[in-house]
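Visitor: missing the sequence, but the structure's below:
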């Protein structure tokens, strides 16, 4: 073990890619849980920037508990309507006064939520289809101390917490991640009938990958059942194309399998998210920091979105361990499966974790000894620059869900 | 007494115009109580129109309890900011389902509130400076019956209630009403530093009229204390001009008398309403149906704004009694002071009040007998056409506060 | 006029007792508007006492905007159930920190509301049938100054406001007031089927007085329609007895006139208040400071309940003017009708109103000159001791609705 | 693979007990996340029982999104006070009307929450220290179908979901679980200074186990710092005793390590939970269905608490997989580590999972073939009786967090 307590070991288990059953899921940006994550993180960034602008350093806050209460809607071919609005409650605490001056914490948080929704769920009409309310407390006195950037010092860890990251993605993981991004990116841009609430489930048994997509269609762009069926089929074809670029395995794609055309039960929405009709959402219940839910791999329960990026060790270590794993795999050949775990120790600088352990499954023919030094060097360097994570989060360069 | 129980009597008391002390107040459209009134009434109109569009008749609802919870702000020369948003809760009940079809009652109510705010308090940024939430119940089963326009029938009165109206306005009343309207109309259009929260108090002792105006100034249009003082002085001069057009009595005008320049305490706001910094508001606490608070005259406690205009007898009779009084005075000469009261009787058609009583103070030399028949004819005709009130309210032609 | 600007004049109009039509109303303590009033005032008293206990003086607050959102219930003979709870939002502002120490303002307000409900609407199960929530802001900085009792000084008036009081009560007023008090007092104690939501309307035409009572019956104490009818009839008889003690005029009593036995529509409730099923309530919409709504008399629109009793001039003057009128009539013979108005002047001590005017209708054979000095002396003394009002309000000795 | 798709395989990896680093955490019942879990599950049970009582079958609902917003408090030796109450919002959807009859869903949910708090966080005074509010929607029409028990049929799976369970617990897991249960059970009963918000973190490196406990002390039972220190030391000793009963490894125990006596920063609370002063909580963010957070093992992200136990496949499979793993290990010798995963398939009966896979690490000297048939038989039988899970959940016999 090094000075930074870096511990690298070879593990004998099969790489996830080589296990017989693999399950992967991604909740798209329009899923109620992801909406909660996205708002919480955008509010967090807005507060960080508010504090930096006004005070020159990030003060104490956490906004990681946004609760979304679903609305009720009446979708209809050609355009239905929202009956009862979605209700979103921003929850957390923040420093509201500094040096005798009040800071517009609530107003900034509300604006960040509104901006996020406008950008990401554009069909939701703010103030009619969705109400955003706010309850941000002042936090406990003990934590009112200031966490700042005025000095170059590394913050101390204030909790025993744990982060875990993996690389490389398996084929199934790559497919699930990419399918959602392509659908919510270029596809939705060209085909406005596709709403942002896209949920992608991948299941691999040996060499057969099944991709199941639940895609909320926007009713104002779909006039008939025939058009709906076309849309579903078109999505299916597109997803197949995306998926097969990532693998030589067999791929099967299903879209909106819960539909029952005979009963007229289809996945049609007014606003493109199931939050409009019965699906509640909250922070930390969906994707992990790497954008996926991967029951085959160790995961942290920690909600990453909305946490303070300066001093919340759970957030920092989850993002950093993923970042480290990706960096190692990008730079060092011969790794089939890498898991990086960071465990904090209260009262020690966060660049000195209690343990940083890397579990490596090497490619056939590669020994751990061949690569150990390279792996360790990267981990060491990433830990030394741990505050980069904070900066990149504030700048919006690292995704948390 | 007539078939419609119209009762006309001469009263010996002095006309309000001739009493020695008179007090009159008007809360301008930007006052927190008026905001609540205005939203409640706009929501009511929107629901009436929703029901007419979808069902062909107005279903049961009442939206007369909007509660405004003040925010917190930091005004500053050149433009400050809202710190905590104003919170507005739309309260009431409405029919949400008809003939098996859901009606977007909540969504329509929210839209009506948003539209009203945008139109009337334009400096308030929706969703950041103000949150609008909604709690509309379904009402008690007994009242779920339908109130409609399908037949030409006059609705039955469902409550014992009371309305009262007066005419003509005294000079002081005319001044108070006109000052607010001119300030919030042409003046504010030319001088954007004047916010809509203008409160006008008139006090007359014998032949001296004192007008006190509290006018919220908008900080983004005022850069210095000197500019603020100029604005106050300019408002003062304008109000004097408006006032003296209505009277030959002595007029004195004060504006923002609570200011204390030495302590830097002035009436500066970010959004033009004191709702941003500590003044709560609710329906029915401000102006009566004729736009004024007139402690020298009998008033109804009934909140008019937000009530269902088809069957809420208190709303209808307050508006109608004012309408009648104005019509009589417009058509019949020789009246110095007229008070019209309408008292409903449960279970009788609303065009047949339990009592419609008119108390007349005639001009010198005029006997009640000279004009009684004319007065009665007008009252009779107005009662016969009572449903016009409903139509005009729905069309937005009658103001309720 | 005296040093205190006391102005006494004889008026020629008829005493209300002698006018031909009179209307009086009282909303009982279980009426939704009265619940709001009662809670607001109890919260106010609790905060006054909190400040006195902790700080030795009453700090700035106002809690005069409680909003009650009705619930939904399923009453049934023998005992039904509340389906959706009543929601009560405590609104206002209060000083939350003093001398660096936090004051449990929210917790105290909630406790006061809970205690009030338990005492006055005992059938309401707290936390199940009714939710009480709280939004108390910190108020605007300008008003954060301390209003105290540390010195013997009379506070300055901080607003132009107005109070009005009357005495003696007319027979109809006495009946309406007494009927509600007897029903909600001794009667309800002996007959638990009677809920506290008792609304009494009195209408007098010449010498005929009609009393209409709407009385919410509690279903757990009524097992059949026959029992309900008996209860209604029993209330009717009791009210008749109470009423006839106050007058020699003809009295007619109706109870629950909106009932329709054929349609099974009766006034049966689970908790004894219509707030459980569709009737919202808010502060200041019901009874005036003297416990009545009296459209035949000038009234103040000012909500008295919940206001700060140290410095809210509208509250103080409404209570004081009523107190003065009652004291004058108790001590001075020969007065048939007395109206006392107090008008404040910003920046002057509150014992020196801008005008204190008393309008007297004397008994036949009595001249104003006979009693003027006595009246003035009482008004003068009451004004001198204006701070007694504050003390009595805090001690719960003066009712505000 | 069997008819039920049961797949049993030996895995080569080390049992968790034999890995070099192990991390385990349990949030005690008074932790804000656990409060949310506990309320959500108690509300769910209450609704199940309501439906069974009234309708004979469990109707559609989900109440898995309770949001707790922390309050603010001023703890003090001998007893401090709550300043701002905790706010808890019950979120979800439920069937509110059946066969034309309204069901008291909101009232029952509120009662369940209140009862749960009273039982488990007894120092929290309901309605003063904590406000419970409710927003339960009606859900989307498609899901309004009835899920029932009238037939003996196995429900169909309505989602693709995943459950995972493990057995036996490692020593570290056993310690963490038992420590919290003993502290919140017998210890707290004898020592009322210990609040229910006890968080236990276990970390094992090879043969050294570190147990870190954060224990909220109740201020009304602690009068001085010396008493506080004694309490902490006493808890430490007790935890050591509990821990050493489970292991021969080295055990080190730390309690309230974040305390800083010099700065007077200690873990003192008014009500025994950090929810009173800044720690928010929500469902599904804490313990998994087996009561632990175990980053060394695959976990499901699915929130189990509050879900409908009749048809929510994620809830059922998480509880069932844990139940199976425990049953297998109890009955079959020779298993060092067992992981059971159940993957559902939309549209198939829930006793026929898409895959039920068991990964076995055998004891030394034991071959999978020796035990495979026994393991399979138990899994098969448990799946056949899957509806037992529903019944036991409704009866409160299975814990979800």
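Guide: Looks like it came in fine. Keep in mind it's a predicted model, so treat the numbers as computed, not measured.

Visitor: Low-confidence ranges, chain A, go.
Guide: A:1-2, A:139-152 (pLDDT under 70).

Visitor: what ranges do the helices span in it?
Guide: A:32-55, A:105-120, A:171-182, A:188-190, A:225-244, A:313-331, A:368-384, A:387-394 (DSSP state H).

Visitor: Among the ones you listed, which comes closest to residue A:296?
Guide: For residue A:296, the closest of these is helix A:171-182, at 9.3 Å, according to CB to CB. C-beta here means a position set from N, CA and C on the backbone, and glycine is covered the same way.

Visitor: Quick check, residue A:79 in contact with residue A:220.
Guide: Yes: the pair residue A:79 / residue A:220 is scored as a contact, 3.8 Å apart, by CB atoms under 8 Å.

Visitor: Any idea how many residues pack against the residue in the stretch 251-400 of chain A that chain B sits nearest to?
Guide: Taking CB to the nearest CB as the measure, the stretch 251-400 of chain A has residue A:270 as its residue closest to chain B, at 10.1 Å. Counted with other CB atoms under 10 Å in any protein chain shown, residues neighbouring residue A:270 total 26.

Visitor: ok so, going back, need the helices of chain A in JSON lines with distance to chain B and mean neighbour count, can you?
Guide: As requested, the helices of chain A are exported to JSON lines (distance: least, CB to the nearest CB, whole Å; neighbours: other CB atoms under 10 Å in any protein chain shown):
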{"stretch": "helix A:32-55", "distance to chain B": "11", "mean neighbour count": "24"}
{"stretch": "helix A:105-120", "distance to chain B": "5", "mean neighbour count": "22"}
{"stretch": "helix A:171-182", "distance to chain B": "28", "mean neighbour count": "23"}
{"stretch": "helix A:188-190", "distance to chain B": "24", "mean neighbour count": "13"}
{"stretch": "helix A:225-244", "distance to chain B": "20", "mean neighbour count": "17"}
{"stretch": "helix A:313-331", "distance to chain B": "26", "mean neighbour count": "24"}
{"stretch": "helix A:368-384", "distance to chain B": "38", "mean neighbour count": "17"}
{"stretch": "helix A:387-394", "distance to chain B": "21", "mean neighbour count": "19"}
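
Visitor: Quick one: closest of these to chain D.
Guide: Per CB to the nearest CB, nearest to chain D of those: helix A:32-55, 9.3 Å.

Visitor: just checking, what packs against the closest one?
Guide: strand A:61-62, strand A:67-69, strand A:86-94, helix A:105-120, strand A:281-282, helix A:387-394 (3 or more CB pairs under 8 Å, 6 or more residues apart in numbering or on different chains; DSSP states H and E).

Visitor: nearest to chain C, of these?
Guide: Closest among those, using CB to the nearest CB: helix A:105-120, at 11.4 Å.

Visitor: Does the closest one reach chain D?
Guide: No: Helix A:105-120 lies apart from chain D when judged by CB under 8 Å from any CB of the partner chain; the minimum separation is 13.6 Å.

Visitor: How about stretch A:280-287?
Guide: Yes: if you take CB under 8 Å from any CB as the test, stretch A:280-287 does meet chain D, through A:280-286.

Visitor: Now for these: which two are most distant?
Guide: Largest pairwise distance in the residues of stretch A:280-287 next to chain D, by CB to CB, is 13.6 Å, between A:280 and A:284.

Visitor: Next, the contact list for the nearest residue to residue A:201 once chain neighbours are set aside, please.
Guide: In this structure, residue A:201 finds its nearest non-sequential neighbour in residue A:212, 4.4 Å apart by CB to CB, 6 or more residues apart in numbering or on different chains. By CB atoms under 8 Å, 6 or more residues apart in numbering or on different chains, the residues touching residue A:212 are A:200-203, A:253-255, A:257, D:160.

Visitor: Was I right to think residue A:368 contacts residue A:10?
Guide: Yes: the criterion here is CB under 8 Å, and residue A:368 meets it with residue A:10 at 4.2 Å.
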